[in-house]
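Participant: 3D, please:
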Amino acid sequence: MSDRVLINADLKFVEGVMKAGGEDLNKCYQCSTCTVVCPLTPEGAPFPRKEMIAAQWGIKDKLIKSMDPWLCFHCNDCSEQCPRGAKPGDVMAAIRNMIIANVAVPSFLGKLTQSAGGALGLLLFPIILIAAVIFMVNGGEMAFLDNPVIDFHKNMISQLAIEMIYIPALFFGIITGLLGVKNLIAGLSETYPKTDKGEALVPAIIGTVKDILSHKKFRECGVNQSRNIAHMFLFYAFIGLAITTAGVTGIYYINLFAGSNVVTPTPLPFFHPIKIIGNVSALAASIGILLIVYRRLTAENVGNTVAFDWIFIVNILLIVATGILAQTVRVAGSQASYFIYYCHLVLVFYLFMYMPHSKFGHMFYRTAALVYSRYSGREKSIGMTFLEGKQQEQLEESDKVA
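Facilitator: Numbering: from 1, shown residues only. The predicted model follows:
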């Protein structure tokens with residue numbers, strides 16, 4: 001007779017997975033079709049079957065410390081072939097959401113960003129903060145609303161005031177993201193200790209960056225491979241917009257410290273190279289996010305789109321829209337551009353400050369997991385199953401008692 005394995009089921013975690021998009025979890029009857037058809041699963045330690053078992057049984061501690069949900073790119077080949085309609089791809093996405101909620105620092109932000117109500121509550125902070133700063137820098141008056149729109153930074157809110165708001169928000173997002181990554185890696189290192197199959201850290205980082213820049217893993221997907229195009233547009237748009245932001249900031253400070261008009265003053269003309277990069281990037285972001293929205297609304301094989309996804313999608317869509325509109329309406333001389341720019345500032349602040357707690361957190365967590373998979377050797381099929389892990393824990397406890 002085989003030894004019994006005790007499972008400490010966390011039913012709340014199971015409910016959380018189902019609410020986060022894995023509502024068809026209980027349809028799974030462990031046929032392993034999902035594992036057979038998955039183009040990304042490593043030989044010898046495959047997914048997502050074992051994650052489906054763990055999610056059904058509520059083995060939270062193992063799922064939170066599992067690397068495999070991050071190796072899944074939600075291509076949905078598994079969901080397409082599932083004979084029971086259990087949608088393993090959606091379950092893996094839901095598990096990723098739950099991991100973010102559990103490893104995020106501070107944890108309450110990771111939970112609030114999972115729902116529309118929580119996200120709206122968090123949005124109140126930049127709405128109030130930025131309005132208060134604009135009010136204060138204008139001496140408690142809004143007289144600028146009656147003036148011709150020349151430059152938002154001269155008329156409405158100074159460059160210094162913006163940096164006093166956004167630099168702390170950006171640092172908060174980066175620091176909390178790194179702390180969350182630390183929690184994630186701590187769990188991964190327990191489940192997947194480094195082996196001799198692993199790469200050195202620097203090659204692991206370089207290899208991961210190459211994969212991300214080329215979107216190699218997306219192209220290995222089957223039914224959902226076309227989303228690679230939308231992600232590429234959005235990914236490189238973010239890089240271009242980051243270059244634009246850095247360029248405009250650099251120009252501002254060169255003119256401030258080296259003398260007025262040493263380089264072209266801001267606001268930049270439309271055909272300035274930095275402006276061109278910014279506008280092309282905004283166009284690319286528009287195409288990327290609209291393709292994502294279109295596919296989410298029309299394609300059946302994309303998978304469930306839950307509040308956690310829509311919050312990020314809508315935020316990016318509105319950032320792009322308000323950025324383009326603010327620029328266009330300013331040139332037209334309309335005072336409406338002030339309000340549009342204010343909305344743009346609020347949305348960008350939300351993205352910066354809460355980025356590791358939102359869907360944007362994949363930038364932190366998936367990247368860290370992909371690097372660690374190379375570093376540990378997990379990419380070359382190492383690891384242990386959930387049941388093996390439980391059995392090992394019981395053996396260790398037995399040894400302690402003995």
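
Participant: any weak-confidence spans in this structure?
Facilitator: 1-7, 259-262, 380-402 (pLDDT under 70).

Participant: so which residue is dead centre in it?
Facilitator: With the centre of the chain defined as its mean C-alpha position, the nearest residue by Cα atoms, centre = their mean is Phe360, 2.0 Å away.

Participant: quick one, what contacts it?
Facilitator: Neighbouring residues of Phe360 by Cβ atoms under 8 Å, 6 or more residues apart in numbering: Phe312, Leu351. Heads up, the C-betas are built off the backbone N, CA and C, glycines and all.

Participant: distance of it from Met136?
Facilitator: The span separating Phe360 from Met136 equals 30 Å under the rule Cβ to Cβ, to the nearest Å.

Participant: same question for Lys50.
Facilitator: From Lys50 over to Met136 the distance is 55 Å, taken as Cβ to Cβ.

Participant: looking at the two, which is more packed in?
Facilitator: When neighbours are counted by other Cβ atoms under 10 Å, Lys50 and Met136 differ, and Lys50 comes out ahead with 24 against 11.

Participant: checking the residue nearest to the centre of the chain next. Helix, strand or coil?
Facilitator: Going by DSSP: H, G, I helix; E, B strand; the rest coil, the secondary structure assigned to Phe360 is helix.

Participant: then Gly140?
Facilitator: Under three-state DSSP, the three-state class of Gly140 is coil.

Participant: number of nearby residues for it?
Facilitator: A count of nearby residues for Gly140, using other Cβ under 10 Å, gives 7.

Participant: the one 5 residues further on too?
Facilitator: Per other Cβ under 10 Å, the neighbour tally for Leu145 reads 13.

Participant: so it touches Tyr338, yeah?
Facilitator: Yes - counting by Cβ atoms under 8 Å, a contact exists between Leu145 and Tyr338, whose distance comes to 6.2 Å.

Participant: follow-up on the earlier one: the residue nearest to the centre of the chain and Asn315, how far apart?
Facilitator: Per Cβ to Cβ, Phe360 is found 9 Å from Asn315.

Participant: need the overlap of contacts for those two.
Facilitator: In the contact map built from Cβ under 8 Å, 6+ apart, the residues linked to both Phe360 and Asn315 are Leu351.

Participant: what ranges do the strands span in this protein?
Facilitator: Remark: strands of the chain are absent; assignment by DSSP state E.

Participant: could I get the full set of helices for the stretch 151-300 of the chain?
Facilitator: All helices of the stretch 151-300 of the chain, identified by DSSP state H, counting those that start in this stretch, fall at 152-155, 159-191, 201-214, 216-219, 227-258, 273-298.
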